[in-house]
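Enquirer: structure of the sequence below:
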Amino acid sequence: MLTFLKDHPTDFRKALNLATPRLLSLWPSAYQSFLWNRTAGRYLESRLKESRVRWFSIALVGEELPLHRELPDALLEALTEVKIPPLHHRAAFDDPRVAAEVETILTEEDLSLWDFKARVLKKAYLSKAERVLLLLPQEVVSLGEEEDDRFPGKCKVRLAFFLPPGSYATLVLKALTR
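Expert: Below is the predicted model:
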């Protein structure tokens with residue numbers, strides 16, 4: 001791509017389409033996920049503030065992600081029902097609060113939903129599958145406590161749990177270590 005751009009400095013469309021299909025799909029998908037995480041984090045923070053629930057934050061790629069230890073049953077049930085579609089040119093947001101967060105983020109990024117139409121990229125696509133805002137690990141099992149081989153004098157606990165596809169176990173583990 002760089003060699004092509006050196007010889008054709010304004011032909012960005014052709015240069016992008018020279019990337020391998022795997023990379024060409026990875027770049028927009030990663031950005032789409034980043035924006036989804038920002039939307040979800042801000043939406044969740046607003047709902048926690050509204051409900052006066054105590055939470056803490058972890059930093060993720062320049063954004064603060066709100067985490068909580070306990071939620072009132074009604075809020076927990078409501079949040080597990082919230083689905084947020086990833087940003088794409090035909091995305092529709094059922095919850096007006098989600099739509100407002102998306103609009104704010106798009107404004108900050110100097111984008112519109114129409115910009116997520118992959119019309120320039122021949123071999124890439126953007127996901128349109130909705131993701132659940134809040135999910136809880138299932139089938140959590142402690143596999144026991146033992147001496148930590150990496151940190152002498154400390155103990156480690158091994159856990160096993162199930163998350164549906166598209167979930168991020170690293171976020172669960174990060175929350176457990178807070």
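
Enquirer: gap between the most centrally placed residue in the chain and residue 5?
Expert: The chain has residue 37 as the residue nearest its centroid, 3.2 Å off, counting by Cα atoms, centre = their mean. The gap separating residue 37 from residue 5 is 30 Å, by Cβ to Cβ, to the nearest Å. Yep, even glycine has a C-beta here, placed from its N, CA and C like the rest.

Enquirer: number of residues surrounding the spatially closest residue to residue 39 that is not a sequence neighbour?
Expert: Of all residues not flanking residue 39 in the chain, residue 101 sits nearest, at 5.1 Å (Cβ to Cβ, 6 or more residues apart in numbering). Neighbourhood size, residue 101 [other Cβ atoms under 10 Å]: 22.

Enquirer: could you list the low-confidence segments of the chain?
Expert: Scanning the chain for pLDDT under 70 picks out 55-69, 118-125, 166, 168, 170-172, 174-178.

Enquirer: sheet partners, orientation included, of the longest strand along the chain?
Expert: Among the segments of the chain that qualify as a strand by DSSP state E, the longest is strand 138-147. Strand pairing for strand 138-147, using DSSP bridges, gives strand 155-162 (antiparallel).

Enquirer: break the protein down into its structural domains.
Expert: Domain assignment for the chain, taken from automatic domain parsing, gives 2-134, 136-178.

Enquirer: residue 130: neighbour count?
Expert: Per other Cβ under 10 Å, the neighbour tally for residue 130 reads 14.

Enquirer: residue 117: how many residues sit nearby?
Expert: Applying other Cβ under 10 Å, we find 12 residues neighbouring residue 117.

Enquirer: isn't it up against residue 89?
Expert: Yes: with contacts counted by Cβ atoms under 8 Å, residue 117 reaches residue 89, the gap being 3.8 Å.

Enquirer: comparing the domains of the chain, which comes out most buried?
Expert: Among the domains of the chain, domain 2-134 has the highest mean neighbour count (mean count of other Cβ atoms under 10 Å), at a mean of 14.

Enquirer: how far away from the center of its chain is that domain?
Expert: Distance of domain 2-134 from its chain centroid, counting by Cα atoms, centre = their mean, to the nearest Å, is 6 Å.

Enquirer: still on that earlier bit, part of a helix, is the residue nearest to the centre of the chain?
Expert: Yes: the assignment for residue 37 is a helix, going by DSSP: H, G, I helix; E, B strand; the rest coil.
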